[in-house]
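**Q** build me a model from this:
(one chain, ligands or ions: 2)
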Amino acid sequence: MSEILKGIGASDGVAIAPVYSLEEPDLSFDDKSIEVGQEDAEVEKFKAAFNQSKVEITKIRNHAEQTVGPEHAAIFDAHLLVLDDPEFLGPIESHIRNDQKSAPQALLETRDQFVAIFDSMDDEYMKERAADIKDVSKRALANMLGRELPSPSKIDTPVVIVAEDLTPSDTAQLDKNFVKGFVTNVGGRTSHSAIMSRSLEIPAVVGTKNITELAQVGGDIIVDGSSGEVILNPSEEEVLVYKDKEARVAEEKVELQKLVDEPSKTMDDVTVELAANIGTPDDLEGVKSNGAEAIGLYRTEFLYMGRNELPTEEEQYEAYSQVLKEMDGKPVVVRTLDIGGDKELPYLDLPNEMNPFLGFRAIRMTLDNQELFRTQLRALLRASQHGNLKIMFPMIATIDEFNRAKALLIEEKDKLVEEGEKVKEDIEVGIMIEIPSAAIIADQFAEVVDFFSIGTNDLIQYTMAADRMNESVSYLYQPYHPALLRLIKMVIDAAHKEGKWAGMCGEMAGDAHAIPLLLGLGLDEFSMSASSVLKARKQISGLKKTDMERLAARAVECKDTDEVLALVEEYVGRV
Ligand code: PEP
Ligand code: MG
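**A** Ligands and ions are numbered 1, 2, ... in the order given. Next comes the predicted model:
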């Protein structure tokens, strides 16, 4: 019997494939000592597990190099070094031979000794080695116990991934040739796994609450990323219905492709800019194939993830230059590091917080870690000569934060110029508006910044006090609520009054219900998942700006979301 679940549709499209679970197996074991005389056999067991781990890691490494690039693959080289390190292997063998420990027990004791030593050192590099040892030991332990660890980059047959959640580094390892879709227990449309699924164009449903309990590994599953429906063990009829839907989605894609080189214009000839959000240079392919006119948000944090140490100035320079060059003079808005919230960097040792979304993240962290911040600013400034760079600071709450960040940028620019480096003049410097305080004083910000980009993913959660990751309060996560529309209007009006432009890079910018409202409110730039650009272009070409202005003027006077949505339907029909 099939079973139907409903979650939140995170990335459009249909996928039908067997379930692959990312749940980790139970790695507990009986820790009793070995008998005298069993030492050789136990040492053999330990060596065999290490050899098997080497084979697995090498495979993962090579695969990651091809699919996500050498910078993401480098982490696995460090893991291979640990597996060959006599300093690490010696004590394991000695625990087995001299203390009668079983291979798993000897491994864990040695691991704990090393981790304790490295962790206690006040040196980032050494702390990272502790993380490597933990990671490698987990794999070796699983092999000793004959249990298999999940590994997204190892997948080489078509599957749908089922998991509690996917970390951004899990998502960065996915190869969409094989990962046909994914379904998670937690998350909402704007959680990072959802955003990544859209940039990879993998159908996804998030926030199903209990998919991991219900799905059976290897059993078939259907994922409908548009409706949020998931069907476990589908019947033949259900498979046929969804195959049909899959074919229609593919046809619609072909139709939309015809708009790839068209301008983004309303019926009454008003042009807006349709831009794409990216996480890595690998996403550029989607930007081009979907005809985006700019990059409205380059989330640089992915450069810092899935690795063991901070990216160097040179590595960052390469990545930014590649994006600027490939965009060939089209605008590229690069956001400085926005870590914290649901985006962690294990090697940075950030504090564990009660409310990470309200905590030490983004500009708050980078202003406090100047060396890290200055490295990024220098890389950006040096890359500026290769294209049309605009720099944007995330999570700005006060004008003082902006002034401090901008002062560091100017200091680094002056230093570079003194060193004889080429830096472009007049780089636009703007801020994300994602904290209500910044929206409320947007008129004052407009005097000092060059542009605004409204980050509704966060602005909604802070305005409604509803965690964007928490399905229990997702009913409050209302993009069309008049409270939010009023804030957006304040921001756009404030920008225009000072002759500046206002964009939006939150997911709302690509939402078909929101686009008529945003057009009417006067938004200049809409930045979205690349896969939404052509749909948005088609929709905008059927709207009149003057009508949308009337719609927006009435919408901000509505009392609730339902009233706003009814009004949208009255003006543009069913979306
Ligand atoms: C936002 O908050 O709307 C945004 C674009 O930033 P992120 O989703 O990366 O927090
Ligand atoms: Mg944000």
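
**Q** bridged to the closest residue to Ile396 other than its chain neighbours, which residues?
**A** Excluding the flanking residues, the one nearest Ile396 by C-beta to C-beta, 6 or more residues apart in numbering is Ile431, at 4.3 Å. All C-beta atoms are positioned from the backbone trio N, CA, C, and that covers glycine. Applying DSSP bridges to Ile431 yields these beta-bridge partners: Phe393, Phe452.

**Q** and Ile431, how many residues sit next to it?
**A** When counting by other C-beta atoms under 10 Å, one arrives at 30 neighbours for Ile431.

**Q** next one, pLDDT for it please.
**A** pLDDT for Ile431: 98.

**Q** contacts only, for it.
**A** 392-393, 396, 402, 438, 445, 449, 452-453 (C-beta atoms under 8 Å, 6 or more residues apart in numbering).

**Q** closest to ligand 1 out of these?
**A** Checking these against ligand 1 by C-beta to the nearest ligand atom gives Ser453 as the nearest, at 7.7 Å.

**Q** tell me how many other residues crowd the closest one.
**A** 27.

**Q** my read: His95 touches Leu108, true?
**A** No - with contacts counted by C-beta atoms under 8 Å, His95 stays clear of Leu108, the gap being 9.6 Å.

**Q** where does the chain have low pLDDT?
**A** For the chain, the stretches with pLDDT under 70 are 63-64, 66-73, 122-125, 127-128, 167-169, 172.

**Q** domain map for it?
**A** Annotated domains of the chain cover 3-24+151-255, 39-145, 266-545 [automatic domain parsing].

**Q** wait, which of the ones you listed is closest to ligand 2?
**A** Nearest to ligand 2, of all the domains of the chain, is domain 266-545, at 3.7 Å by C-beta to the ion.

**Q** do the closest one and ligand 1 meet?
**A** Yes - interface with ligand 1: domain 266-545 contributes 297, 299, 338, 434, 455-458, 505-506 (C-beta under 6 Å from any ligand atom).

**Q** and these near ligand 2, which?
**A** For ligand 2, the contacts drawn from these by C-beta under 5 Å from the ion are 434, 455, 458.

**Q** most neighbours out of those residues, which is it?
**A** Neighbours here mean other C-beta under 10 Å. Within these, the largest count is held by Gly455, at 28 neighbours.

**Q** distance of that one from Arg468?
**A** Computed as C-beta to C-beta, to the nearest Å, the Gly455 to Arg468 distance reads 11 Å.

**Q** name the strands paired with the longest strand seen in the chain and say parallel or antiparallel.
**A** Across the chain, the longest stretch assigned as strand under DSSP state E is strand 14-21. Strand 14-21 has its sheet partners listed here by DSSP bridges as strand 159-163 (parallel), strand 220-224 (antiparallel).

**Q** burial check on Val254, number of neighbours?
**A** Val254 has 8 neighbours, counted by other C-beta under 10 Å.

**Q** okay, and it sits in which element?
**A** Assigned by DSSP states H and E, Val254 belongs to helix 236-257.

**Q** show me what that helix is packed against.
**A** Other helices and strands packing on helix 236-257, by 3 or more C-beta pairs under 8 Å, 6 or more residues apart in numbering; DSSP states H and E, are strand 14-21, strand 220-224, helix 533-541.

**Q** deepest in the core, which of those is it.
**A** Using mean count of other C-beta atoms under 10 Å, the stretch among those with the largest mean neighbour count is strand 220-224, at a mean of 26.

**Q** compute the inter-axis angle for that one and helix 236-257.
**A** For strand 220-224 against helix 236-257, the angle by axes from the mean of the first three to the mean of the last three C-alpha atoms, to 10 degrees is 40 degrees.

**Q** gap between strand 220-224 and the chain center?
**A** 23 Å (C-alpha atoms, centre = their mean, to the nearest Å).

**Q** helix or strand next in line after that strand, which one?
**A** strand 229-232.

**Q** what lies in contact with that following strand?
**A** So strand 229-232 is contacted by 2-7, 19, 183, 205, 208, 211, 214-216, 219-224, 238, 242 (C-beta under 8 Å, 6+ apart).

**Q** try 7 Å
**A** Surrounding strand 229-232, the residues in contact under the criterion C-beta atoms under 7 Å, 6 or more residues apart in numbering are 2-7, 183, 205, 208, 211, 214-215, 219, 221-223, 238.

**Q** and for stretch 155-165?
**A** 15, 17-23, 152, 175, 178-187, 193, 211-212, 215, 221, 223.

**Q** and that stretch, how far out from the chain middle?
**A** Mean-position distance between stretch 155-165 and its chain equals 17 Å (C-alpha atoms, centre = their mean).

**Q** over to stretch 33-49?
**A** Centre-to-centre, stretch 33-49 and its host chain are 44 Å apart (C-alpha atoms, centre = their mean).

**Q** give me the nearest residue to Ile435, chain neighbours excluded.
**A** Closest to Ile435 by C-beta to C-beta, 6+ apart is Ala397, at 4.6 Å.

**Q** do Val287 as well
**A** Sequence neighbours aside, Ala276 is the residue nearest to Val287 in space, at 4.5 Å (criterion: C-beta to C-beta, 6+ apart).

**Q** and that neighbour, which of the three is it?
**A** The three-state label given to Ala276 by DSSP: H, G, I helix; E, B strand; the rest coil is strand.

**Q** OK, contacts around it?
**A** Contacts for Ala276 (C-beta under 7 Å, 6+ apart) come out as 287, 290, 292, 295-296, 527-528, 530, 533.

**Q** quick revisit: which of His95 and Leu108 has more neighbours?
**A** Between His95 and Leu108, counted using other C-beta under 10 Å, His95 has the larger neighbour count: 22 against 19.

**Q** and the more buried one, that's in a helix?
**A** Yes - with three-state DSSP as the criterion, His95 is part of a helix.

**Q** number the chain from 37, please
**A** Right, with 37 as the first residue, what we last looked at is His131.

**Q** who's in contact with it?
**A** Per C-beta under 7 Å, 6+ apart, neighbours of His131: 137, 142, 145-146.

**Q** of those residues, which is the most crowded?
**A** Ala142 (25 neighbours).

**Q** need the CA coordinates for the helix or strand containing that one. CSV is fine.
**A** Under DSSP H and E, the secondary-structure element containing Ala142 is helix 139-156. Listed next in CSV are the C-alpha coordinates belonging to helix 139-156 (Å, rounded to 0.1, in the frame of the first residue of the first chain):
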residue,chain,number,x,y,z
ALA,A,139,40.0,-2.9,18.0
PRO,A,140,37.0,-0.6,18.3
GLN,A,141,37.9,0.2,21.9
ALA,A,142,41.6,0.8,21.1
LEU,A,143,40.6,3.1,18.3
LEU,A,144,38.2,5.2,20.4
GLU,A,145,40.7,5.5,23.3
THR,A,146,43.4,6.7,20.9
ARG,A,147,41.0,9.0,19.1
ASP,A,148,40.0,10.6,22.4
GLN,A,149,43.6,11.1,23.5
PHE,A,150,44.5,12.9,20.3
VAL,A,151,41.3,14.9,20.1
ALA,A,152,41.9,16.1,23.7
ILE,A,153,45.4,17.2,22.9
PHE,A,154,44.5,19.0,19.7
ASP,A,155,41.4,20.6,21.1
SER,A,156,43.3,22.0,24.0
